[in-house]
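Chemist: Based on what follows, work out the 3D shape:
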Amino acid sequence: MDEPYPARSLSRQEAQVVAWLEADRRRTVTVDEIEAALAWRREVVLKVLSRLARKGWLVRLARGRYETLLAETGGVALPNPWAALSVWRQQYFVGFQSAAYELGLTPDRPGDVQACVPLGARRPRAWVGIPIALIWQQAFTRAGVEKRQVHDVPVWIASPERVLVDAAARPSRVGGIAGLVRMVDRGADGADWPRVVALSAEIPRGRPALKRLAHLLDLIGAEVPAALDAAAAASPTEHPIRLGDTRVHGGAGEVDRRYGVIRNVDADMLREEVRR
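Modeler: As a prediction, the model looks like this:
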């Protein structure tokens, strides 16, 4: 019978690498870092890391970059999207519902980490089985995005303000209008609302996003910040936007004339969402 996992034996050189990794508690490592730390020739480092990957001590994330699987993992390679993103050289940022969950704006975590990328970006071949969903954006921008530690690794992730604008612009990415209202309720007090307004000018569908945000705050009985109120009310549309997706909620509803929003979603249902 075949063994279920690779052998975890170690040669002398392999043991040196593993000991160094465990001492530093490293989640990821590169060929250059091993070469500098142990003063080995590059070809030796490449051979040792290749053997460690075959034996289940490392998982290759990209060329010359590995995720460590040290003693406490038992050698089982659990898919780690955060380690993979931390060494990805492609422009990206974690956004929408994934960012909202990590920032405490929603209790709902999507199965795959949502990584926003420019059109044409591709998943690395080493990402087979890693739960990352690419969201291609024609007008990709890192406005309102920051690099921070998430699950012990540095990744690019949307700020609360960027999450609110993106989610209000495309509620379908965050569980629909019900998911959006929970984010609005949780993020209202801590958000920098002048920054939200400024970001809306840099993001497609930013103006409708402001209108949804202002209308939802008013609907749940929260104060609409002055900066948001002024921006949402100062840009009337000839045809009011609908609060929810017409394919789900239909098109009819009460019209909020201040913000130009048709409330085609049951208001009591949305208020109940924020009490969950």
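
Chemist: Next up, the contacts around the most centrally placed residue in the chain.
Modeler: Nearest residue to the geometric centre of the chain (C-alpha atoms, centre = their mean): residue 94, 2.5 Å. The contact partners of residue 94, by C-beta atoms under 8 Å, 6 or more residues apart in numbering, come to 85, 102, 113-116, 150, 155-158. Heads up, the C-betas are built off the backbone N, CA and C, glycines and all.

Chemist: With the flanking residues excluded, which residue is spatially nearest to it?
Modeler: Of all residues not flanking residue 94 in the chain, residue 157 sits nearest, at 4.3 Å (C-beta to C-beta, 6 or more residues apart in numbering).

Chemist: you'd agree the one you found is in a strand?
Modeler: Yes: per DSSP: H, G, I helix; E, B strand; the rest coil, residue 157 lies within a strand segment.

Chemist: Who does the nearest residue to residue 124 once chain neighbours are set aside form a beta bridge with?
Modeler: Closest residue to residue 124 apart from its sequence neighbours, by C-beta to C-beta, 6+ apart: residue 62 at 5.5 Å. Legend: beta-bridge partners of residue 62 under DSSP bridges are residue 65.

Chemist: Can you read off the pLDDT for residue 62?
Modeler: For residue 62, the model assigns a pLDDT of 72.

Chemist: sorry, back to before: hmm, residue 146 and the residue nearest to residue 94 touching each other?
Modeler: Yes: Residue 157 is within contact range of residue 146, at 6.7 Å (criterion: C-beta atoms under 8 Å).

Chemist: more neighbours, these two?
Modeler: More crowded of residue 157 and residue 146, by other C-beta atoms under 10 Å: residue 157, with 24 against 12.

Chemist: got the contact list for stretch 175-187?
Modeler: Contacts for stretch 175-187 (C-beta under 8 Å, 6+ apart): 97, 100, 103-108, 160, 163-164, 167-168, 171, 174, 212-213, 216-217, 219-220, 222, 243-245, 248-249, 265, 269-270, 273-274, 276.

Chemist: And that stretch, what's buried?
Modeler: Of the residues in stretch 175-187, 175, 177-187 count as buried by neighbour count, 16 or more other C-beta atoms under 10 Å.

Chemist: One more: stretch 160-175?
Modeler: For stretch 160-175, burial by neighbour count (16+ other C-beta under 10 Å) applies to 160-171, 173-175.

Chemist: And stretch 57-74, by the same measure?
Modeler: Applying 16+ other C-beta under 10 Å to stretch 57-74 flags 57-59, 61-62, 64-69 as buried.
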